[in-house]
Each structure stands twice: as structure tokens, then as C-alpha cells.
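Chemist: Got a predicted model here, sequence first, then my questions.
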Amino acid sequence: MLPSFRRAPTVISNLSERVKFPEKFKGTMIEKWANYWKNLMVDYRQMLMDLRTDIQDEPRKAFIWTTGLIAVYFLHKNNPSELDFKDALKRVDNEVVLVTADCQNPKSSEHLRYLDTCYNQGLLHYRNLGILSLMYTSDDSSSCDLYRAQCKYLQPTMLSFPSRIVDVGFMGRWWNIFIKTNNYDVNI
């Protein structure tokens, strides 16, 4: 891999020197388009050469950047979706139903009841932030056409948004559901 990485700038420059345009295309849009792509390839060749020297000069910094980018990539790939939230909610609901009411944790049951109510009324909304996801509630469903749902002065402010967050999805799991329903079968 490394030898081909070292040969890449020379291969690109040799290719651009060998390609010649016929006279009938001189001064046309096609020549300008070809020059644009040729200059773009020259810029990328220079960028690859600079990247190679930076990696050789500071390997620790390159390792840290590479590790950070790989971590962000995997966090993004394992970011839970709205479907994952609904699946986790239904799975926990089905497990709690199997436990008698006397043995259920009241806080877990109340939280699940609240989530089910919000879900059924269309008040739960999903927001993907790249490496984490949020489930939050609103006052009205998206299909509501009341005046208070349309008026911009009656909309909730951004300062009240943290209090509306119901769950945070990170690393493939919805954490609030997991924490609040971990001991759903222990009556405290």
C-alpha cells in the first residue's frame, strides 16, 4: 500500500503530460473543462504529497487524528434510529407486561406509560445529530392545525428544549429507557 501511495503523484503527473488535445478543441468549453480537472488533479497530488510528509514528520499526531476519525465514524454507524427507539420501547413494554403489578417498579411503569401516551398522541419526535440521537416531546403533534401550534410566538423556546428531551441514543442504545427500566421487576 505504501509504495503505491508514494508512486501516486508521479503517475498522475505522467498521465497529464501524455494526454494532448486535438486542435479543433483548443479554446472551447471542453478544453476549459479538461484544464479544470487537470488542475484539480494537480492540487490533489500536492495535497497527497503534503499529507505523506506530515505523516512522516509527526506520526503521533497522525495516529491521534486517524483514531479520532475512526471513532467518529463508528459512533455515526452505531447511532440508533427512531425505529430502534420504537423497538426498544415495545420490547421493554412486552417484558413489563409479564410481571405482575405488585412486583413492577412504579417509576419504570410510569415512565413507560408516559412514553406510550406521547407516542400514541404523536408528541414524540426524533432528531439525528450525527453521533447521537435525541427523542423529545412537543406540545402538539405535527398534524395538529390549532392556532397555538402555528403561532411562532407560542412556540417553545430553545432554552426549554433540554427539559423536553425524553431519551438520548448513543453507541447503539437508548440510554434513558435502559436506565429507567433496568430494574422494572423490583418494587421499591
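Modeler: Structure's in. What do you need?

Chemist: Which residue ranges make up the domains of the protein?
Modeler: 2-57, 82-180 (automatic domain parsing).

Chemist: Centre-most residue in the protein?
Modeler: Centre of the chain computed as the mean C-alpha position; nearest residue by C-alpha atoms, centre = their mean is Gly130, 2.0 Å away.

Chemist: Please give me every residue in contact with that residue.
Modeler: 76, 79 (C-beta atoms under 8 Å, 6 or more residues apart in numbering). For every residue, glycine as well, the C-beta is placed using N, CA and C.

Chemist: Repeat that for Pro59.
Modeler: Not one residue lies near Pro59 by C-beta under 8 Å, 6+ apart.

Chemist: Can you tell me the SS state at Met135?
Modeler: With DSSP: H, G, I helix; E, B strand; the rest coil as the basis, the three-state label of Met135 is strand.

Chemist: who touches it in this structure?
Modeler: For Met135, the contacting residues are 82, 85, 124-127, 165-169, 174, by C-beta under 8 Å, 6+ apart.

Chemist: Just name the shakiest helix or strand of the chain by mean pLDDT.
Modeler: For the chain, counting by mean pLDDT, DSSP states H and E, helix 2-18 ranks last in confidence among helices and strands (a mean of 60).

Chemist: still on that earlier bit, now that we have the contacts of Met135, which of them are buried?
Modeler: The neighbour-count criterion (16 or more other C-beta atoms under 10 Å) marks 85, 124-126, 166-169, 174 among the contacts of Met135 as buried.

Chemist: Fine by me, thanks again.
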